[in-house]
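Peer 1: dropping the sequence and predicted coords here.
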Amino acid sequence: MRFMEENLKTKNKNLWCFSAGTVGRDMIYQLYTNFTMLYILFTKHLTAGQLAAITAIMIAARVFDALNDPLMGNLIEHTRSRWGKFKPWLLAGVITSGLVVFFTFNNDLEGNAFVVFFAFMYFCYSITYTMSDISYWGMIPSLAHDADSRNQFTSRATLFAGIGGTLASVLIPTFTTGSLAIGGNAKTAYGVMALIIALLTPIFMCFTLFGVKEEKISDNTPAAPISIKKIVSVMFGNEEVRAVAIVFILQQVGNGIITGGLGANYVYFTFGYAGGLWGLFTTIGMSATAVMMVVYPIIARKIDRKPLMKIMTLVSACGYACMLLIGLVPGDGMIKFAVFVLGYMAANIGQFTFYLILMISITNTVEYNELVSGSRDEAIITSLRPFITKMASAIIVLGTNLIFIISGILNETNKISDIETACNSGSITDAEKNAKIAEVIANIDPSKSIILLVIMTVASFALMYAANRIYQKKCSLDEKRYKEICEELEQRKNK
């Protein structure tokens, strides 16, 4: 009885300390993934060629990053240290990624010089953030060995990741855009926000580093050499991994279209250049997902993943339809904004539940891999999540920036950037800056906003619908099959 109580106490401590560690990491992720492009658009004057170069850099870096994920997973898998195989990489990753974030958003470079500097920093970010990301999520299979515990760790960690992401989503636009910008302009504000987030990240990670009791591999266990062949066999030789990967990339692209730059520009062009509006949009839109993170383990005990996916696809369909219809109604009042935000909240509930299901589906393939190959390879398999996330973000960057160039939105953001730069240099006052930007937005062709609206609603749902259809047909590792696999593995161990 005492042993069981100690195990429960350790599990609860691990659950809270592990989850708390990711708050700062996800603030960095939110800043770099969803605000880097806005920072560039609204603080740098770019030619179409320079934006194309930055687009190519971001795509190349994210593809490199995605390909680097399984390599990092394999390296972590074979790490042996007195602190375990995950924590050394967590520490190295959060410190170095914080430095990269600070320097990226604190520079005075312009034109081609900025493009070259950005290329170097973006590739550095790809390496440093991967260290912490793969090692963090790779810990879950070693901390939770049954389905219910795994649901708890996944949903709780995702809850705290959502807290970090939401804090960043609210604070960054609120204090970098419009009248509340720190220092009166976007350039100064982004630099200050980057510094704050870079300092917060290692502070939060201390919960995981010092509070989590990790299951360590015996020092007598030899570490096999890192093998590309091994990575390929795990990632592509496992049919369950392949199926989940296809579904996941479709869902991630669809889910990231709004937050990847289109949504912010639509809100600014339609309702006004105020970071508080975008912050409010993301806060309310994501608020219901916080509830879902908490209640998901309860729902998962009552509804299996496949029927739950069908339900959530329908919920998202209603949300996207609401956004599209109210967006087409003329006007820019707060009632229209409120209905638009509520539509996004409904769409986001479905998308986020879909994401949780896929997270657990990926993690559960660890046991399937052990069944068919004899090895768990948990760090390699869990590297699939960030691998796909980064590949999806590369696709989003390409599509978003092409839309900006083709539709002429780049011309509008350049006008705003010039005004922000003038304010930063002291040539105009804060009040003059806000008045000039309001004039620019008032003269934007309404068709440009409609283009953004249609793409971020119709395309988002179409990709989610396709992902659901594939999951229903191709992913066979449901609750019943997973339980059978765990029982068979337990029987093998007892022989």
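Peer 2: Received, thanks.
Peer 1: by mean pLDDT, flag the weakest helix or strand of the chain.
Peer 2: Every helix and strand in the chain was compared by mean pLDDT, DSSP states H and E; the lowest is helix 228-236, with a mean of 66.
Peer 1: any idea how far the lengthiest helix in the chain is from the chain center?
Peer 2: The residue-count maximum for a helix in the chain (DSSP state H) belongs to helix 334-373. Here helix 334-373 is found 12 Å from its chain centre; the criterion is C-alpha atoms, centre = their mean, to the nearest Å.
Peer 1: start the count at 37 instead of 1 going forward.
Peer 2: Happy to do that; since the first residue is 37 now, the last one works out to helix 370-409.
Peer 1: can you list the buried residues in that helix?
Peer 2: For helix 370-409, a neighbour-count test (16 or more other C-beta atoms under 10 Å) marks 372-373, 375-406 as buried. For the C-beta atoms, the positions are set from N, CA and C on the backbone; glycine is no exception.
Peer 1: let me see the mean pLDDT of it.
Peer 2: In this model, helix 370-409 has a mean pLDDT of 88.
Peer 1: K469 contacts A458, correct?
Peer 2: Yes: if you go by C-beta atoms under 8 Å, K469 and A458 touch, sitting 7.2 Å apart.
Peer 1: more neighbours: the two, which one.
Peer 2: K469 (25 against 16; other C-beta atoms under 10 Å).
Peer 1: and the next helix or strand past the least confident helix or strand of the chain?
Peer 2: The helix or strand immediately downstream of helix 264-272 is helix 275-293, counting by DSSP states H and E.
Peer 1: buried residues in that following helix?
Peer 2: So, applying 16+ other C-beta under 10 Å, buried residues of helix 275-293: 276-293.
Peer 1: and it, C-alpha only, in CSV?
Peer 2: Output in CSV follows, covering the C-alpha atoms of helix 275-293 (Å, rounded to 0.1, in the frame of the first residue of the first chain):
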residue,chain,number,x,y,z
GLU,A,275,2.1,1.6,-41.2
GLU,A,276,0.4,3.2,-38.2
VAL,A,277,3.0,5.9,-38.0
ARG,A,278,2.6,6.6,-41.8
ALA,A,279,-1.2,6.9,-41.5
VAL,A,280,-1.1,9.2,-38.5
ALA,A,281,1.5,11.4,-40.2
ILE,A,282,-0.6,12.0,-43.3
VAL,A,283,-3.6,13.0,-41.1
PHE,A,284,-1.5,15.1,-38.8
ILE,A,285,0.0,17.3,-41.6
LEU,A,286,-3.4,18.0,-43.1
GLN,A,287,-4.8,19.0,-39.8
GLN,A,288,-1.8,21.1,-38.9
VAL,A,289,-1.8,23.1,-42.1
GLY,A,290,-5.6,23.6,-41.8
ASN,A,291,-5.3,24.7,-38.2
GLY,A,292,-2.4,27.0,-38.8
ILE,A,293,-3.8,29.0,-41.7
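Peer 1: list the helices and strands that helix packs on?
Peer 2: The contact analysis (3 or more C-beta pairs under 8 Å, 6 or more residues apart in numbering; DSSP states H and E) places helix 275-293 against helix 264-272, helix 370-409, helix 420-443, helix 496-510.
Peer 1: what's the mean pLDDT across the helix or strand just after the last one?
Peer 2: Spelled out, that is helix 496-510. As assigned by DSSP H and E, the chain's next helix or strand after helix 496-510 is helix 515-530. Model confidence over helix 515-530, given as mean pLDDT, is 82.
Peer 1: could you do stretch 180-191 as well?
Peer 2: pLDDT averaged over stretch 180-191 gives 73.
Peer 1: for that stretch, which outside residues touch it?
Peer 2: With contacts defined as C-beta atoms under 8 Å, 6 or more residues apart in numbering, stretch 180-191 is touched by 47, 50-51, 54-55, 176-177, 179, 329-330, 332-333, 336-337, 392, 395-396, 399-400, 515, 518-519, 522.
Peer 1: can you say which of the residues you listed are buried?
Peer 2: With burial judged by 16+ other C-beta under 10 Å, the buried subset of the contacts of stretch 180-191 is 47, 50-51, 54-55, 176-177, 179, 329, 332-333, 336, 392, 395-396, 399-400, 518, 522.
Peer 1: what's stretch 300-320 in contact with?
Peer 2: By C-beta under 8 Å, 6+ apart, stretch 300-320 touches 74, 202, 205-217, 295, 299, 363, 368, 373, 376-378, 380-381, 440, 445, 448-449, 452, 470, 473-474, 477, 480, 484-485, 488-489, 492.
Peer 1: can you list the buried residues in stretch 454-463?
Peer 2: The neighbour-count check on stretch 454-463 (16+ other C-beta under 10 Å) flags I455, E456, T457, A458, C459, N460 as buried.
Peer 1: residues in contact with it?
Peer 2: Under the criterion C-beta under 8 Å, 6+ apart, residues 78-79, 81, 219-224, 464-466, 468-469, 472-473, 476 lie in contact with stretch 454-463.
Peer 1: if we can go back for a sec, narrow the buried residues of stretch 454-463 to those in helices?
Peer 2: Counted as lying in helices by DSSP H, out of these, are I455, E456, T457, A458, C459, N460.
Peer 1: and the nearest residue to the first one once chain neighbours are set aside, what's its pLDDT?
Peer 2: Just to be clear, that refers to I455. Ranked by C-beta to C-beta, 6 or more residues apart in numbering and with sequence neighbours excluded, the top spatial neighbour of I455 is K472, at 4.9 Å. Listed pLDDT for K472 reads 93.
Peer 1: now do A310
Peer 2: 86.
Peer 1: and it, its phi and psi?
Peer 2: phi -140, psi 120 (degrees, to the nearest 10).
Peer 1: how about S352?
Peer 2: phi -60, psi -40.
Peer 1: now do the contacts for it.
Peer 2: Applying C-beta under 8 Å, 6+ apart, we find S352 in contact with A382, A383, N384, I385, G386, Q387, F390, F497, M500.
Peer 1: if we use 7 Å, what do you get?
Peer 2: A383, G386, Q387, F497, M500 (C-beta atoms under 7 Å, 6 or more residues apart in numbering).
Peer 1: where's the second one relative to D184, distance?
Peer 2: Going back to what we said before, that points to G386. For G386, the distance to D184 (C-beta to C-beta, to the nearest Å) stands at 24 Å.
Peer 1: next, the buried residues of the strand or helix carrying T164.
Peer 2: Element membership of T164, judged by DSSP H and E, is helix 147-173. For helix 147-173, burial by neighbour count (16+ other C-beta under 10 Å) applies to 150-151, 154-155, 157-173.
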